[in-house]
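Visitor: this is a predicted model, with the sequence first.
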Amino acid sequence: MVEKTRVEWIDIFKSLGIIAFFCAHFGTGSGRMYDIPFYFAIELFFFASGIFAGNIDKLSFKDAVRKRFSQIMIPYAFLAIINMGMIIITSGDDLITYVVCVKQFVLGIRNQMPIGGALWFLPCIFCAGVIFDALRRVCKKDVLVFLASAVLYVISITLFPNRPDVQPSWFWNIDSACHYMIYYALGYIVSKKLTGGEERSDKERDRKYDRKRQCLFFAVAVFVTGYAVSVYVRQDIAGRLFLRVIPAADMIYPVLRAILLIIFNMVLAKILEGFRFLSYAGTQTLWLCGNESIARGILGAAAELAGLRIEVTNELTAIIYAAVMMVFIITCLLPVEQRLYRKVIKS
């Protein structure tokens, strides 16, 4: 969320995560697109955020927190106000209910928000960035940062009162941030390889490296695609074997499954490289998260006025509706909201 530079395929990668987010929030009507995104979509965004975590290395911890706050939490407050306005317009509730809604927006806890959708993710990723930055400054070495993140993951599923990946309960989803920190750390560790940060000078070596990389990409693509298909058709044989053979596999396997599905989405993003709309959508993920409920409300009301009914009944309709929502948000809502936001910030 705190990027200086853009990498097109990573932006597309995040767009795929948004589509998965939207599909998961349509409920059981979206079929397998309801439960499968919960295996990897949130993890995908922590991983993507970790890739760019090094962009604020030159800032002090205090300045880094301030920058993250201005880039994530101020837009969160702006989007919360807009969503609150939508609730007031459409709900017909009393003042006490609206006060409760405002409190829920302030707390920002997933599953306790007055709206559905992914707006809760913004305070969560803000907290994750602050925690991760603190870990890096204390631990210094990447391996120690990863181990600390892994410890936080284990603590989150063994000692926290609620499973933070299912029912978080802490202010701004700090418990969820701890749970998903392992993916943030992984993104940071592989960031140079993924963004081209490691330069090679010898041309002959570069050509050989490119050939090896192409072969490796093809092999990885075949493997993760096969795995993703097995998960999609609910025939995860590898997972069942892993759970049967490895001690404490129920703690380890969700991480491995998420990583493999994240890699599959990375492969898909590389294949889709060049689709400008998807890459642009990836630059607007914060606003897409904040406008999910608004888009669903407006599109649903417009369909009702036209005598139509929007109903998600299977995986295909879920993907199509998610794509329509993304197009509507980017082309209709964002130009107005972002212009208003800039005026508010400048005033």
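Guide: Arrived safely, thanks for sending.

Visitor: contacts and neighbour counts: CA atoms only from here.
Guide: OK.

Visitor: apart from its chain neighbours, what residue comes closest to Cys101?
Guide: Using Cα to Cα, 6 or more residues apart in numbering and skipping the chain neighbours, the partner closest in space to Cys101 is Pro114 (5.5 Å).

Visitor: for the one you found, pull up the helix or strand it's in.
Guide: Using DSSP states H and E, Pro114 falls within no helix or strand.

Visitor: any stretches of the stretch 51-200 of the chain with poor pLDDT?
Guide: Applying pLDDT under 70 to the stretch 51-200 of the chain flags the ranges 196-200.

Visitor: please report phi then psi for the residue nearest to Cys101.
Guide: phi -70, psi -10 (degrees, to the nearest 10).

Visitor: near it, how many other residues are there?
Guide: With neighbours defined by other Cα atoms under 10 Å, the count for Pro114 comes to 20.

Visitor: can I assume it is in contact with Lys103?
Guide: No: using Cα atoms under 8 Å, Pro114 is not in contact with Lys103, being 9.4 Å away.

Visitor: now do the shared contacts for these two.
Guide: Jointly contacting Pro114 and Lys103 under the rule Cα atoms under 8 Å, 6 or more residues apart in numbering is no residue at all.

Visitor: neighbours of Gln338, how many?
Guide: Gln338: 13 neighbours (other Cα under 10 Å).

Visitor: name the residues of the one helix or strand it maps to that are buried.
Guide: Element membership for Gln338 (DSSP H and E) is helix 334-346. Going by neighbour count (16 or more other Cα atoms under 10 Å), the buried part of helix 334-346 is 334, 337, 341.

Visitor: OK, contacts around the last one?
Guide: By that I understand Tyr341. 75, 78 are the contacts of Tyr341 under Cα under 8 Å, 6+ apart.

Visitor: just the first one next, same as before
Guide: Neighbour list for Leu334: Trp287 [criterion: Cα under 8 Å, 6+ apart].

Visitor: okay, it: pLDDT?
Guide: Leu334 carries a pLDDT value of 96.

Visitor: so how far is Leu159 from it?
Guide: Using Cα to Cα, to the nearest Å, we find Leu334 at a distance of 41 Å from Leu159.

Visitor: over to the last one?
Guide: Distance check for Tyr341 against Leu159: by Cα to Cα, it reads 41 Å.

Visitor: show the average pLDDT along stretch 259-274.
Guide: In this model, stretch 259-274 has a mean pLDDT of 95.

Visitor: offset the numbering so it begins at 147, please.
Guide: Got it, the first residue is 147 from now on, which makes the last one we talked about stretch 405-420.

Visitor: outside of that stretch itself, which residues are in contact with it?
Guide: 154-156, 158-159, 162, 185-186, 189-190, 363, 367, 370-371, 373-374, 425.

Visitor: same check on stretch 387-395?
Guide: By Cα under 8 Å, 6+ apart, the residues outside stretch 387-395 that reach it are 396, 399.

Visitor: repeat for stretch 309-320
Guide: With Cα under 8 Å, 6+ apart as the test, stretch 309-320 has contacts from 253-257, 266, 269-270, 273-274, 302-303, 308, 321-322, 325.

Visitor: what is the nearest of those to Arg178?
Guide: For these, the closest approach to Arg178 (Cα to Cα) belongs to Asn257, at 21.0 Å.

Visitor: next one: phi and psi at the closest one?
Guide: phi 70, psi 0.

Visitor: what does Arg256 give?
Guide: phi -60, psi 140.

Visitor: is Gly262 in a helix, a strand, or coil?
Guide: Following DSSP: H, G, I helix; E, B strand; the rest coil, we place Gly262 in the coil state.

Visitor: ok, now Gln381?
Guide: coil.

Visitor: how many residues are close by it?
Guide: Neighbours around Gln381, by other Cα under 10 Å: 13.

Visitor: likewise the one 3 residues further on?
Guide: The criterion is other Cα under 10 Å. On that basis, Ala384 has 13 neighbouring residues.

Visitor: now Arg357
Guide: 12.

Visitor: can you read off the pLDDT for it?
Guide: 75.

Visitor: give me the pLDDT for Ser347.
Guide: Value for Ser347, per-residue pLDDT: 49.

Visitor: over to Glu149?
Guide: As predicted, Glu149 sits at a pLDDT of 44.

Visitor: can you check Asp382 too?
Guide: For Asp382, pLDDT reads 87.

Visitor: check which residues of stretch 398-414 are buried.
Guide: So, applying 16+ other Cα under 10 Å, buried residues of stretch 398-414: 399, 401, 403-414.

Visitor: next one: stretch 369-386
Guide: Those would be 370-371, 373-374, 377, 382, 385, for stretch 369-386 by 16+ other Cα under 10 Å.

Visitor: ok, which pair from these is furthest apart?
Guide: Going by Cα to Cα, the pair spanning the buried residues of stretch 369-386 furthest: Thr371 and Gly385, at 15.0 Å.

Visitor: and this protein, what are its domain boundaries?
Guide: By the assignment in automatic domain parsing, the chain contains the domains 154-342+420-492, 354-410.

Visitor: need the winner for burial among those.
Guide: Highest mean neighbour count among the domains of the chain (mean count of other Cα atoms under 10 Å): domain 154-342+420-492, with a mean of 19.

Visitor: quote the end-to-end distance of that one.
Guide: 30 Å.

Visitor: longest helix in this structure, please.
Guide: Longest helix in the chain by number of residues, with DSSP state H as the criterion: helix 349-378.

Visitor: how far away is the residue nearest to Cys247 from Phe186?
Guide: 24 Å.
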